[in-house]
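*Asks:* The sequence and its predicted three-dimensional model are supplied below.
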Amino acid sequence: MKPDASVTEVVLESKLENVEQAEEATRSVCAKLGFDEETVFHIEMAVHEAVINAIHHGNKEDPLKKVYIKFILLEETLEIHVQDEGPGFDPGKVPDPLAKENLLNISGRGIFLVRKFMDEFRVDSSPGKGTEVIMIKHVDSRIQSNQGGTGREHEGDSASG
Amino acid sequence: MSMKATVRQVDSVTVVDVSGRITLGESCKELRDVIRGELGKGHKNILLNLADVTYIDSSGIGELVSAYTAVSNQGGKLKLLNLTKKVHDLLQITKLYTVFDVHDDEARAVSSFPTA
(Lines give C-alpha, C1' and ligand atoms only; values in the text may rest on other atoms or scores of the structure.)
Protein backbone atom coordinates (compact mmCIF):
# COMPACT_ATOMS: atom_id res chain seq x y z
CA MET A 1 0.00 0.00 0.00
CA LYS A 2 1.24 3.44 -0.89
CA PRO A 3 1.97 5.76 2.04
CA ASP A 4 -0.70 8.29 3.01
CA ALA A 5 -3.35 6.38 1.11
CA SER A 6 -6.89 6.40 2.39
CA VAL A 7 -8.65 3.16 1.52
CA THR A 8 -12.36 2.42 1.37
CA GLU A 9 -13.42 -1.16 0.72
CA VAL A 10 -16.84 -2.47 -0.27
CA VAL A 11 -17.80 -6.11 -0.71
CA LEU A 12 -20.95 -6.92 -2.65
CA GLU A 13 -23.00 -10.03 -3.19
CA SER A 14 -23.46 -10.79 -6.88
CA LYS A 15 -26.91 -9.26 -7.28
CA LEU A 16 -27.51 -6.62 -9.96
CA GLU A 17 -29.38 -4.32 -7.58
CA ASN A 18 -26.24 -4.08 -5.42
CA VAL A 19 -24.58 -1.91 -8.06
CA GLU A 20 -26.37 1.05 -6.46
CA GLN A 21 -24.30 0.51 -3.28
CA ALA A 22 -21.16 0.79 -5.40
CA GLU A 23 -22.45 4.01 -6.97
CA GLU A 24 -23.23 5.45 -3.54
CA ALA A 25 -19.75 4.57 -2.26
CA THR A 26 -18.23 6.19 -5.36
CA ARG A 27 -20.13 9.45 -4.79
CA SER A 28 -19.07 9.44 -1.15
CA VAL A 29 -15.37 8.95 -2.00
CA CYS A 30 -15.47 11.50 -4.84
CA ALA A 31 -16.98 14.09 -2.52
CA LYS A 32 -13.72 14.06 -0.55
CA LEU A 33 -11.73 14.99 -3.65
CA GLY A 34 -13.81 17.89 -4.91
CA PHE A 35 -14.46 16.60 -8.42
CA ASP A 36 -17.11 18.53 -10.31
CA GLU A 37 -20.54 17.01 -10.82
CA GLU A 38 -19.86 15.80 -14.35
CA THR A 39 -16.60 14.10 -13.40
CA VAL A 40 -18.28 12.42 -10.44
CA PHE A 41 -20.93 11.12 -12.84
CA HIS A 42 -18.23 9.78 -15.16
CA ILE A 43 -16.39 8.01 -12.33
CA GLU A 44 -19.68 6.66 -10.96
CA MET A 45 -20.60 5.35 -14.40
CA ALA A 46 -17.18 3.70 -14.84
CA VAL A 47 -17.62 1.97 -11.48
CA HIS A 48 -21.19 1.00 -12.39
CA GLU A 49 -20.03 -0.63 -15.65
CA ALA A 50 -17.10 -2.42 -14.01
CA VAL A 51 -19.29 -3.73 -11.17
CA ILE A 52 -22.09 -4.81 -13.54
CA ASN A 53 -19.50 -6.70 -15.60
CA ALA A 54 -18.14 -8.32 -12.44
CA ILE A 55 -21.59 -9.36 -11.17
CA HIS A 56 -23.14 -10.38 -14.48
CA HIS A 57 -20.33 -11.52 -16.79
CA GLY A 58 -17.70 -12.44 -14.18
CA ASN A 59 -19.61 -14.01 -11.30
CA LYS A 60 -22.66 -14.92 -13.44
CA GLU A 61 -24.84 -13.55 -10.62
CA ASP A 62 -23.77 -16.52 -8.46
CA PRO A 63 -24.81 -15.61 -4.87
CA LEU A 64 -21.80 -17.48 -3.49
CA LYS A 65 -19.38 -15.23 -5.34
CA LYS A 66 -18.49 -11.71 -4.27
CA VAL A 67 -17.35 -8.50 -5.91
CA TYR A 68 -14.58 -6.64 -4.09
CA ILE A 69 -14.27 -2.89 -4.63
CA LYS A 70 -11.40 -0.87 -3.30
CA PHE A 71 -11.09 2.91 -3.50
CA ILE A 72 -7.53 4.11 -2.87
CA LEU A 73 -7.41 7.81 -2.32
CA LEU A 74 -4.12 9.59 -2.71
CA GLU A 75 -3.58 13.32 -2.83
CA GLU A 76 -3.41 13.43 -6.61
CA THR A 77 -5.09 10.21 -7.60
CA LEU A 78 -8.21 8.16 -7.11
CA GLU A 79 -7.49 4.51 -7.86
CA ILE A 80 -10.41 2.07 -7.99
CA HIS A 81 -10.12 -1.71 -8.08
CA VAL A 82 -13.07 -3.98 -8.95
CA GLN A 83 -12.35 -7.68 -8.51
CA ASP A 84 -14.63 -10.61 -9.31
CA GLU A 85 -14.36 -14.37 -8.82
CA GLY A 86 -15.23 -15.30 -12.39
CA PRO A 87 -13.35 -17.17 -15.10
CA GLY A 88 -11.46 -14.11 -16.40
CA PHE A 89 -11.81 -12.30 -19.71
CA ASP A 90 -9.75 -10.67 -22.41
CA PRO A 91 -10.72 -7.02 -22.98
CA GLY A 92 -8.82 -7.14 -26.25
CA LYS A 93 -11.52 -9.41 -27.62
CA VAL A 94 -14.29 -6.86 -27.09
CA PRO A 95 -15.14 -5.40 -30.52
CA ASP A 96 -14.80 -1.66 -31.06
CA PRO A 97 -18.34 -0.34 -30.44
CA LEU A 98 -17.63 2.73 -32.59
CA ALA A 99 -16.82 0.70 -35.70
CA LYS A 100 -19.53 1.17 -38.30
CA GLU A 101 -20.35 -2.54 -38.37
CA ASN A 102 -20.76 -2.61 -34.56
CA LEU A 103 -22.68 0.61 -34.10
CA LEU A 104 -26.04 -1.14 -33.82
CA ASN A 105 -24.76 -3.95 -31.58
CA ILE A 106 -26.86 -4.31 -28.46
CA SER A 107 -23.88 -4.94 -26.15
CA GLY A 108 -20.17 -4.21 -25.96
CA ARG A 109 -20.11 -0.57 -24.75
CA GLY A 110 -19.35 -1.07 -21.04
CA ILE A 111 -15.56 -1.35 -21.15
CA PHE A 112 -15.49 1.37 -23.81
CA LEU A 113 -17.24 3.76 -21.40
CA VAL A 114 -14.88 2.87 -18.55
CA ARG A 115 -11.89 3.66 -20.79
CA LYS A 116 -13.52 6.87 -21.95
CA PHE A 117 -14.38 8.17 -18.50
CA MET A 118 -11.21 7.26 -16.59
CA ASP A 119 -7.65 8.50 -17.09
CA GLU A 120 -6.06 5.07 -16.83
CA PHE A 121 -7.50 1.60 -17.16
CA ARG A 122 -5.95 -1.82 -16.68
CA VAL A 123 -7.31 -5.34 -16.52
CA ASP A 124 -5.55 -8.18 -14.72
CA SER A 125 -7.21 -11.44 -15.53
CA SER A 126 -6.23 -15.06 -15.63
CA PRO A 127 -8.10 -18.36 -15.33
CA GLY A 128 -8.91 -19.22 -11.73
CA LYS A 129 -7.92 -15.77 -10.47
CA GLY A 130 -10.94 -13.83 -11.66
CA THR A 131 -10.74 -10.41 -13.19
CA GLU A 132 -9.47 -7.25 -11.55
CA VAL A 133 -10.26 -3.96 -13.24
CA ILE A 134 -8.07 -1.08 -12.09
CA MET A 135 -9.19 2.43 -12.94
CA ILE A 136 -7.44 5.69 -12.15
CA LYS A 137 -8.70 9.25 -12.17
CA HIS A 138 -6.20 12.03 -11.60
CA VAL A 139 -7.33 14.80 -9.35
CA ASP A 140 -6.05 17.34 -11.88
CA SER A 141 -8.73 16.18 -14.26
CA ARG A 142 -11.39 17.66 -11.97
CA ILE A 143 -10.59 21.07 -13.37
CA GLN A 144 -10.64 19.98 -16.99
CA SER A 145 -13.66 19.92 -19.19
CA ASN A 146 -13.79 16.16 -19.16
CA GLN A 147 -15.30 14.44 -22.14
CA GLY A 148 -13.30 11.32 -21.46
CA GLY A 149 -9.91 10.03 -20.44
CA THR A 150 -6.50 10.93 -21.63
CA GLY A 151 -6.27 7.77 -23.63
CA ARG A 152 -3.61 6.38 -21.33
CA GLU A 153 -4.38 2.81 -20.62
CA HIS A 154 -2.71 -0.45 -19.89
CA GLU A 155 -3.94 -3.94 -20.23
CA GLY A 156 -2.20 -6.37 -17.97
CA ASP A 157 -1.54 -10.05 -18.46
CA SER A 158 -5.07 -10.76 -19.55
CA ALA A 159 -6.36 -14.10 -20.64
CA SER A 160 -9.70 -15.31 -21.79
CA GLY A 161 -11.52 -17.63 -19.47
CA MET B 1 -35.60 4.22 -8.51
CA SER B 2 -36.67 1.58 -10.98
CA MET B 3 -37.87 2.32 -14.49
CA LYS B 4 -41.45 3.23 -15.34
CA ALA B 5 -42.88 3.41 -18.85
CA THR B 6 -46.28 4.95 -19.61
CA VAL B 7 -47.81 4.71 -23.07
CA ARG B 8 -50.11 7.31 -24.64
CA GLN B 9 -51.33 7.88 -28.16
CA VAL B 10 -50.90 11.25 -29.89
CA ASP B 11 -52.42 11.17 -33.39
CA SER B 12 -50.74 8.26 -35.16
CA VAL B 13 -47.75 8.26 -32.81
CA THR B 14 -47.29 6.12 -29.71
CA VAL B 15 -45.48 8.17 -27.09
CA VAL B 16 -43.72 6.20 -24.37
CA ASP B 17 -42.86 8.33 -21.34
CA VAL B 18 -39.93 6.67 -19.63
CA SER B 19 -38.73 7.60 -16.16
CA GLY B 20 -36.14 6.32 -13.69
CA ARG B 21 -33.13 4.10 -14.39
CA ILE B 22 -32.62 2.08 -17.56
CA THR B 23 -29.96 -0.43 -16.53
CA LEU B 24 -29.14 -4.10 -16.98
CA GLY B 25 -31.86 -6.32 -15.58
CA GLU B 26 -35.57 -5.74 -15.05
CA SER B 27 -35.75 -2.20 -16.40
CA CYS B 28 -34.20 -3.15 -19.76
CA LYS B 29 -36.55 -6.12 -20.00
CA GLU B 30 -39.55 -3.94 -19.14
CA LEU B 31 -38.68 -1.40 -21.83
CA ARG B 32 -38.21 -4.22 -24.34
CA ASP B 33 -41.61 -5.68 -23.42
CA VAL B 34 -43.32 -2.30 -23.84
CA ILE B 35 -41.81 -1.73 -27.29
CA ARG B 36 -42.53 -5.28 -28.47
CA GLY B 37 -46.06 -4.97 -27.06
CA GLU B 38 -46.73 -1.80 -29.06
CA LEU B 39 -45.29 -3.37 -32.21
CA GLY B 40 -47.57 -6.35 -31.60
CA LYS B 41 -50.55 -3.97 -31.65
CA GLY B 42 -49.38 -2.61 -34.99
CA HIS B 43 -48.07 0.65 -33.49
CA LYS B 44 -44.99 1.31 -35.59
CA ASN B 45 -44.48 5.05 -34.97
CA ILE B 46 -42.92 5.23 -31.55
CA LEU B 47 -41.57 8.29 -29.75
CA LEU B 48 -39.55 7.56 -26.61
CA ASN B 49 -39.74 10.47 -24.20
CA LEU B 50 -36.62 10.22 -22.02
CA ALA B 51 -37.08 13.49 -20.11
CA ASP B 52 -37.35 11.78 -16.73
CA VAL B 53 -34.65 9.17 -17.22
CA THR B 54 -32.30 9.67 -14.29
CA TYR B 55 -29.67 7.11 -15.27
CA ILE B 56 -28.85 4.93 -18.24
CA ASP B 57 -25.97 2.48 -18.53
CA SER B 58 -24.39 0.67 -21.47
CA SER B 59 -27.10 -1.99 -21.32
CA GLY B 60 -29.78 0.70 -21.36
CA ILE B 61 -28.15 2.25 -24.41
CA GLY B 62 -28.11 -1.22 -25.96
CA GLU B 63 -31.83 -1.49 -25.23
CA LEU B 64 -32.49 1.77 -27.10
CA VAL B 65 -30.55 0.34 -30.06
CA SER B 66 -32.51 -2.90 -29.80
CA ALA B 67 -35.80 -0.98 -29.82
CA TYR B 68 -34.66 1.10 -32.80
CA THR B 69 -33.73 -2.04 -34.74
CA ALA B 70 -36.95 -3.89 -33.82
CA VAL B 71 -39.14 -0.97 -34.93
CA SER B 72 -37.13 -0.40 -38.11
CA ASN B 73 -37.36 -4.09 -38.98
CA GLN B 74 -41.15 -3.77 -38.81
CA GLY B 75 -41.06 -0.87 -41.24
CA GLY B 76 -41.67 1.68 -38.49
CA LYS B 77 -39.85 4.63 -36.96
CA LEU B 78 -38.52 5.01 -33.42
CA LYS B 79 -37.48 8.49 -32.40
CA LEU B 80 -36.19 10.01 -29.15
CA LEU B 81 -37.57 13.03 -27.32
CA ASN B 82 -36.21 15.25 -24.55
CA LEU B 83 -32.79 13.76 -23.85
CA THR B 84 -31.21 14.76 -20.56
CA LYS B 85 -27.67 16.07 -20.82
CA LYS B 86 -26.29 12.78 -19.50
CA VAL B 87 -28.16 10.69 -22.07
CA HIS B 88 -27.31 13.18 -24.82
CA ASP B 89 -23.59 12.98 -23.94
CA LEU B 90 -23.62 9.19 -23.82
CA LEU B 91 -25.24 9.00 -27.26
CA GLN B 92 -22.61 11.42 -28.58
CA ILE B 93 -19.73 9.42 -27.07
CA THR B 94 -21.07 6.15 -28.47
CA LYS B 95 -21.71 7.75 -31.89
CA LEU B 96 -25.38 6.87 -31.66
CA TYR B 97 -26.61 10.45 -31.67
CA THR B 98 -26.57 10.48 -35.47
CA VAL B 99 -28.31 7.09 -35.66
CA PHE B 100 -31.36 8.24 -33.72
CA ASP B 101 -33.72 10.99 -34.81
CA VAL B 102 -33.67 13.17 -31.69
CA HIS B 103 -36.22 15.90 -30.87
CA ASP B 104 -36.79 18.35 -28.06
CA ASP B 105 -40.30 19.45 -28.95
CA GLU B 106 -43.08 16.88 -28.72
CA ALA B 107 -45.49 18.48 -31.21
CA ARG B 108 -42.77 18.77 -33.83
CA ALA B 109 -41.56 15.26 -33.11
CA VAL B 110 -45.08 13.88 -33.56
CA SER B 111 -45.58 15.75 -36.84
CA SER B 112 -42.23 14.47 -38.14
CA PHE B 113 -43.56 10.90 -38.35
CA PRO B 114 -45.01 9.75 -41.66
CA THR B 115 -48.82 9.80 -41.65
CA ALA B 116 -50.63 6.56 -42.44
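*Replies:* Perfect, I can see it now.
*Asks:* Now stretch A:90-108: buried residues?
*Replies:* A:91, A:97, A:107 (16 or more other CB atoms under 10 Å in any protein chain shown). (C-beta placed from N, C-alpha, C; glycine too.)
*Asks:* Just give the number of residues close to residue B:32.
*Replies:* As a burial measure, residue B:32 scores 14 neighbours (other CB atoms under 10 Å in any protein chain shown).
*Asks:* by contact count, what packs against the helix or strand encompassing it?
*Replies:* For residue B:32, the host element (DSSP states H and E) is helix B:26-40. Packing partners of helix B:26-40 (3 or more CB pairs under 8 Å, 6 or more residues apart in numbering or on different chains; DSSP states H and E): strand B:4-10, strand B:13-22, helix B:58-73.
*Asks:* Which one of these lies nearest to residue B:81?
*Replies:* For these, proximity to residue B:81 was assessed by CB to CB; strand B:13-22 is nearest, at 7.6 Å.
*Asks:* for chain A, what are the nearby residues on chain B?
*Replies:* B:23-25, B:57-59, B:61-63, B:65-66, B:68-69, B:86, B:89-90, B:93-96, B:99 (CB under 8 Å from any CB of the partner chain).
*Asks:* how about a cut-off of 7 Å?
*Replies:* B:24-25, B:57-58, B:61-62, B:65-66, B:69, B:86, B:93-96, B:99 (CB under 7 Å from any CB of the partner chain).
*Asks:* Select the longest strand from chain B.
*Replies:* Counting residues, the longest strand found in chain B (DSSP state E) is strand B:45-56.
*Asks:* Would you check how far apart the nearest residue to residue B:18 once chain neighbours are set aside and residue A:107 are?
*Replies:* Distances taken as CB to CB, 6 or more residues apart in numbering or on different chains place residue B:5 nearest to residue B:18, at 5.1 Å, with adjacent residues excluded. Noted for residue B:5: a distance of 21 Å to residue A:107, by CB to CB, to the nearest Å.
*Asks:* Next: residue A:15.
*Replies:* With CB to CB as the criterion, residue A:15 and residue A:107 are 20 Å apart.
*Asks:* picking that back up, buried subset of the residues of chain B next to chain A as a ChimeraX selection?
*Replies:* In ChimeraX syntax, the buried subset of the residues of chain B next to chain A is picked out as below (16+ other CB under 10 Å):
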select /B:24,25,57,58,61,62,65,66,86,93,94,96
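*Asks:* Among the residues of chain B next to chain A, show me the least confident.
*Replies:* pLDDT across the residues of chain B next to chain A is lowest for residue B:25, at 92.
*Asks:* show me the contacts for that one.
*Replies:* residue A:16 (CB atoms under 7 Å, 6 or more residues apart in numbering or on different chains).
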